[in-house]
Structure formats: C-alpha cells, structure tokens
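Engineer: Predicted model follows, preceded by the sequence.
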Amino acid sequence: MVVAEPSALRRLNVAATLRALSERGPASSGALQRTTGLSRRTLEVIVNDLTNQGWIIDEVPAAAANRGAGRPARQLRFNADAGFVLGAQLDFGYMTLRIADIAGAVVLDRRSDLATNLDREARIARFFREVDAALADVGATRSDVLAVTVSTPGIVRDNGTVDLPSTFLDWTNFPLQARLDAGFDCPLIVENDAKLAALGEVTLAGEGPDANFVWVRADGVRIGLGIVIEGRLYRGTDGAAGEVVWAPLLNFESVQAHVFSGLVDPAHARHAEAQSLLAAAQFGDPSALAEVDSLAAGIAPGLQAIAWILAPHEIVIGGALASIGRPLVEAIGRRLFSGEHPVESVLRTSASSEQAIIAGATQTALSSVHARLFEGGELPVAPRRASERMTA
C-alpha cells in the first residue's frame with residue numbers, strides 16, 4: 001500500500017476544496033464539508049489558508065448581516081477575480097487580445113490593426129503595449145496575469161520556435177515563446193492558430209470529451225488543420241501535424257488564387273468582388289454558385305484524403321471561407337458523399353469561425369490555471385486578493 005506524503009495529500013484536499021467552490025458556487029462550511037468529505041478541522045485549516053492566500057472569500061451574506069443578534073452564517077466563495085488569464089492572436093494584419101477571469105468569464109476583448117511590414121521587434125513591442133493597455137483598462141497589470149496563450153500562423157515547434165513561409169516578416173525560425181515569456185512572470189504557451197481554433201471549437205460548440213474532428217482554417221490565403229482525437233489536440237512530431245500548406249500534392253494552393261480568397265481581409269484586392277459573389281451565392285445566383293463549386297473542386301480532394309486517413313467524426317470548415325456557409329458545404333459534399341465509397345465524416349462550418357482561435361487561446365490559458373488550482377498543484381498567493389483590492 002502506497003501512502004501519500006502529507007504535503008501531497010494536503011494539496012489534493014486543497015484542490016478538492018477549491019474545485020467544489022468553483023463548481024457549486026458559494027457554500028457554508030457545513031455544506032462544503034459534506035461536499036468534500038473532509039473533517040471539520042482539516043477543512044477549517046484549509047479554508048483559513050486559502051482565505052489568507054486570496055483564493056477564496058469568507059463573507060457574511062447581506063441577509064444574515066441584517067438579521068440582528070446571534071452569530072451570522074458565513075459563506076465561502078471562490079475568488080474568480082483572484083487573477084486573469086490572457087489569450088492573444090497574433091496575425092499578419094491584426095492582433096486580438098482577450099482577458100478573462102479564472103472562472104472563464106470574458107472581461108475584455110480588444111482588436112488592433114497592424115501594419116504588415118512591421119519587423120518582429122516592432123511587432124513584439126506593439127504586442128506588449130497593447131497588453132499593458134488592455135490590462136490597464138480592467139485595473140490590472142501583467143503581475144495579475146496567471147497564464148498566457150498566444151496563437152500565431154505557422155508551425156510552432158516543441159521548443160516554441162515558429163516556422164512558416166517568408167510572408168510574415170522576420171517570423172520564421174524565431175523563438176517566439178522565449179521572446180514573449182521574458183515579459184511575463186507566469187506560464188506562457190505559443191501555439192499554431194488552427195490548432196487553437198480546434199480547441200476553441202471544443203469549447204464553443206460543446207464538443208464532448210471523446211470528440212474526433214478536424215478543424216480546417218480555410219481563409220483563401222492559408223490552409224491549416226487542427227486535429228482533435230478523443231478530445232485532445234494532436235500536435236504530431238515537433239508540432240507539424242495539420243500543416244497541409246506544405247503539401248502541394250493536396251492541391252490546397254489552388255484556393256489561394258480563387259476569387260473567394262478575397263473574403264479573408266477588407267484590404268484584399270478582391271475583397272469587394274468576393275463579398276458581392278458571396279451575397280449572390282446565398283441568394284442562389286447560378287453564376288455565383290458556379291464560383292462556389294469551383295472553389296469546392298479545389299478543396300474537396302484534400303479533404304477526401306484527410307477524411308479517409310483520420311476518419312474523424314466531423315470535418316469543420318472555419319476561417320473566412322466558412323462565411324460562405326451552406327452553398328460551400330453542399331458543393332464540397334457533392335464530391336465527398338457520392339460514389340461507391342462516400343466519406344463517412346460529417347461536414348459542417350464552424351460554430352464560431354475566427355472567434356474559435358481566440359477562444360481556444362483563452363481556454364488553453366485557463367486550463368493551465370485550473371490544473372494548478374483544481375488538480376493538486378502548488379498554489380502561490382493570489383495576485384489579486386480581495387482585501388488588497390478593497391483597500392487600494
């Protein structure tokens with residue numbers, strides 16, 4: 001029989017206490033004792049420590065405070081404001097930031113346009129300025145951030161180095177994770193945008209823990225996949241899984257020259273033409289639907305290969321081309337679901353399209369915090385203790 005070391009057992013008891021308050025909401029000491037199964041004395045010591053550290057708040061409900069004589073009932077509450085997580089999307093022409101509390105509630109979203117000719121140091125400096133400004137808007141600083149996840153185009157190697165075509169100035173073979181990590185005192189992860197979008201789809205579309213699907217970032221300029229197997233992101237060897245832009249035999253490059261590639265960005269030379277065709281296709285215009293069909297002809301062969309290699313339950317079309325919606329799904333479907341051996345996967349557009357990337361980045365940061373709080377990790381003092389905020 002293996003007996004847990006007292007410190008390990010204590011961490012598990014602390015995690016159980018925090019998890020119970022996070023999942024069930026405010027509770028009395030008695031209710032929390034029944035939920036966790038801890039002894040009264042053990043729970044009392046843990047609650048005192050967690051209150052002093054700022055992870056829970058011990059408060060008197062308003063009704064009890066106005067009740068008059070007698071010892072008021074106290075309520076213990078998980079301090080969701082004890083710190084923040086930060087999700088960030090760094091892309092060619094823009095940056096998106098999302099700040100959430102540690103219960104997952106979004107506190108702030110901010111999008112900033114970027115000049116595409118910025119060199120990497122100017123881009124990094126702009127990133128930190130935008131982060132500081134966003135945090136200032138919610139009354140916080142970087143010291144209040146508990147975890148950060150940043151998305152980027154390109155392969156993100158296991159060591160956090162980015163590898164992508166030269167279209168993103170100075171970004172290839174750049175140790176982006178190490179460069180950004182130096183600016184924070186908390187865990188920081190850099191990950192490929194399509195991979196994070198797949199995780200965002202899990203969150204936003206309510207995919208179950210056993211989900212098997214492929215999220216296709218199809219924006220007309222870049223094609224990439226996020227692969228989820230049994231609810232977990234598959235990164236492959238050194239983070240290269242899903243980088244089909246490097247596989248010309250799949251013919252995804254033909255999409256880049258298509259008129260609908262103009263949907264990716266208002267600054268694209270064919271944006272107005274693409275928008276006009278999109279509106280016409282959704283009204284059933286035959287010539288516009290013919291353009292959708294030609295786009296599908298470029299996408300379908302690669303998707304067919306992916307479907308038979310991975311056999312996912314779903315293939316999810318995200319990115320700018322997802323805005324075409326049903327006409328594109330039907331045009332691709334005519335190629336995938338016909339013939340002697342039709343593909344067995346479900347084909348649909350993303351529930352959230354581009355929002356999936358920032359959602360996945362934020363959820364990844366949040367999951368790293370929850371692993372420390374709710375799974376027995378070492379707990380620091382909360383950066384935003386309630387008593388300190390009240391006296392600030």
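Structural biologist: Happy to help now that I have it.
Engineer: roughly how far apart are residue 58 and residue 24?
Structural biologist: According to C-beta to C-beta, to the nearest Å, residue 58 stands 16 Å off from residue 24. In this view, the C-beta of every residue, glycine as well, is placed from N, C-alpha and C.
Engineer: Relative to residue 294, how far out is residue 217?
Structural biologist: Residue 217 is 20 Å from residue 294, by C-beta to C-beta.
Engineer: These two - which one has more neighbours?
Structural biologist: residue 217 (31 against 14; other C-beta atoms under 10 Å).
Engineer: Partner strands of the host helix or strand of that one and their direction?
Structural biologist: Taking DSSP states H and E as the criterion, residue 217 maps to strand 213-218. Paired strands of strand 213-218, with direction, are strand 223-229 (antiparallel), strand 314-318 (parallel) (DSSP bridges).
Engineer: How is this structure divided into domains?
Structural biologist: 6-79, 82-205+355-392, 208-350 (automatic domain parsing).
Engineer: what residues does stretch 226-246 touch?
Structural biologist: Residues from elsewhere that reach stretch 226-246 (C-beta atoms under 8 Å, 6 or more residues apart in numbering): 154-158, 165, 192, 194-199, 201-202, 207-215, 217, 222-225, 250, 252-253, 302, 306, 310, 312.
Engineer: my bad, stretch 268-288
Structural biologist: 259-265, 289, 291-292, 323-325, 327.
Engineer: gap between stretch 180-198 and the chain center?
Structural biologist: Here stretch 180-198 shows a centroid-to-chain-centroid distance of 10 Å under the convention C-alpha atoms, centre = their mean, to the nearest Å.
Engineer: Could I get the CA-only coordinates of that stretch as PDB?
Structural biologist: Extracted C-alpha coordinates of stretch 180-198, given in PDB (Å, rounded to 0.1, in the frame of the first residue of the first chain):
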ATOM      1  CA  LEU A 180       7.300  36.600 -25.100                       C
ATOM      2  CA  ASP A 181       7.900  34.500 -22.000                       C
ATOM      3  CA  ALA A 182      10.500  37.000 -20.800                       C
ATOM      4  CA  GLY A 183       7.800  39.600 -20.500                       C
ATOM      5  CA  PHE A 184       5.600  37.700 -18.000                       C
ATOM      6  CA  ASP A 185       6.000  36.100 -14.600                       C
ATOM      7  CA  CYS A 186       3.500  33.300 -15.400                       C
ATOM      8  CA  PRO A 187       3.300  30.300 -17.700                       C
ATOM      9  CA  LEU A 188       3.200  31.200 -21.400                       C
ATOM     10  CA  ILE A 189       2.400  29.000 -24.300                       C
ATOM     11  CA  VAL A 190       2.700  29.800 -28.000                       C
ATOM     12  CA  GLU A 191       0.600  27.600 -30.400                       C
ATOM     13  CA  ASN A 192      -0.400  27.400 -34.100                       C
ATOM     14  CA  ASP A 193      -3.700  29.300 -34.800                       C
ATOM     15  CA  ALA A 194      -5.600  26.400 -36.400                       C
ATOM     16  CA  LYS A 195      -4.700  24.100 -33.500                       C
ATOM     17  CA  LEU A 196      -6.000  26.600 -31.000                       C
ATOM     18  CA  ALA A 197      -9.100  27.100 -33.200                       C
ATOM     19  CA  ALA A 198      -9.800  23.400 -32.900                       C
END
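Engineer: in that stretch, what's buried?
Structural biologist: Using 16 or more other C-beta atoms under 10 Å as the test for burial, stretch 180-198 gives 180-181, 184, 186-198.
Engineer: Among the residues you listed, which ones are in helices?
Structural biologist: 180-181, 193-198 (DSSP state H).
Engineer: The residues you listed: which two are farthest apart?
Structural biologist: Farthest apart among these by C-beta to C-beta are 181 and 198. That separation is 23.5 Å.
Engineer: Hmm, residue 327 and residue 292 touching each other?
Structural biologist: Yes: with contact defined as C-beta atoms under 8 Å, residue 292 reaches residue 327; the gap is 4.7 Å.
Engineer: Name the residue in those two with the higher neighbour count.
Structural biologist: For residue 292 versus residue 327, neighbours defined as other C-beta under 10 Å are more numerous around residue 292 (27 against 19).
Engineer: would you say the more buried one is within a strand?
Structural biologist: No: membership of residue 292 in a strand is not supported by DSSP: H, G, I helix; E, B strand; the rest coil, which gives helix.
Engineer: list the contacts for it?
Structural biologist: Shown in contact with residue 292 (C-beta under 8 Å, 6+ apart): 260, 281, 324, 327-328, 331.
Engineer: among the residues you listed, which ones are buried?
Structural biologist: For the contacts of residue 292, buried by 16+ other C-beta under 10 Å: 260, 281, 324, 327-328, 331.
Engineer: hmm, back to that, export the strands paired with strand 213-218 to JSON lines and append columns for mean neighbour count, distance to residue 380 and mean pLDDT.
Structural biologist: Output for these, formatted as JSON lines (neighbours: other C-beta atoms under 10 Å; distance: least, C-beta to C-beta, whole Å; pLDDT from 0 to 100):
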{"stretch": "strand 223-229", "mean neighbour count": "24", "distance to residue 380": "31", "mean pLDDT": "91"}
{"stretch": "strand 314-318", "mean neighbour count": "24", "distance to residue 380": "36", "mean pLDDT": "92"}
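Engineer: need those strands in JSON lines with distance to residue 30, can you?
Structural biologist: Supplementary listing: those in JSON lines, determined by distance: least, C-beta to C-beta, whole Å:
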{"stretch": "strand 223-229", "distance to residue 30": "41"}
{"stretch": "strand 314-318", "distance to residue 30": "45"}
